[in-house]
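**Q** Starting from these lines, generate the structure:
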Amino acid sequence: MEDLNVVYGDESLPRLYENSRILSDQLPGQPGIVRRVVALGRYLQNPLAMVATLCGPGKEILS
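**A** Residues are numbered from 1 along each chain as shown. Prediction:
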């Protein structure tokens, strides 16, 4: 358990990304918690890419 790292982060953008059409198309049939975990992981790796995706044609960031 010494190699376990815990990272705390804001879930507001991953929550929007979880409900976006983009992620629903990428992970069809997956429950919401799975989509949120994937969104949170992507957000921690590259937050700017997630913001750019949410500002795309679907304009999910405005919802």
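**Q** Now do the buried residues in the helix ranked longest in the chain.
**A** Ranked by number of residues, the top helix in the chain under DSSP state H is helix 32-45. Residues of helix 32-45 classed as buried by neighbour count (16 or more other Cβ atoms under 10 Å): 35, 36, 38, 39, 40, 42, 43. Glycine gets a C-beta too; all of them are placed from N, C-alpha and C.
**Q** ok, now which ones touch the last one?
**A** This points to residue 43. By Cβ atoms under 8 Å, 6 or more residues apart in numbering, the residues touching residue 43 are 9, 13, 14, 17, 50.
**Q** circling back: how far away from the center of its chain is the longest helix of the chain?
**A** Helix 32-45 has its C-alpha centroid displaced from the chain centroid by 4 Å (Cα atoms, centre = their mean, to the nearest Å).
**Q** what does stretch 3-22 give?
**A** Counting by Cα atoms, centre = their mean, stretch 3-22 is centred 5 Å from the centre of its parent chain.
**Q** Endpoint to endpoint, it covers what distance?
**A** Counting by Cα to Cα, to the nearest Å, you get 33 Å between the two ends of stretch 3-22.
**Q** May I see the buried residues of that stretch?
**A** 13, 14, 16, 17, 18, 20.
**Q** about what we covered before: report the two of the contacts of residue 43 separated the most.
**A** 9 and 17 (12.8 Å; Cβ to Cβ).
**Q** hmm, back to that, I'd like the buried residues of stretch 3-22 written out as a markdown table, with distance to residue 3 and pLDDT added.
**A** Listed next are the buried residues of stretch 3-22 as a markdown table, based on distance: Cβ to Cβ, whole Å; pLDDT from 0 to 100:
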| residue | distance to residue 3 | pLDDT |
| --- | --- | --- |
| 13 | 28 | 86 |
| 14 | 24 | 88 |
| 16 | 31 | 86 |
| 17 | 28 | 86 |
| 18 | 28 | 87 |
| 20 | 33 | 85 |
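**Q** Which of these sits closest to residue 27?
**A** Using Cβ to Cβ, the buried residues of stretch 3-22 come closest to residue 27 at residue 18, 9.6 Å.
**Q** quick one: the closest one from residue 35, how far?
**A** Distance of residue 18 to residue 35, given as Cβ to Cβ, to the nearest Å: 4 Å.
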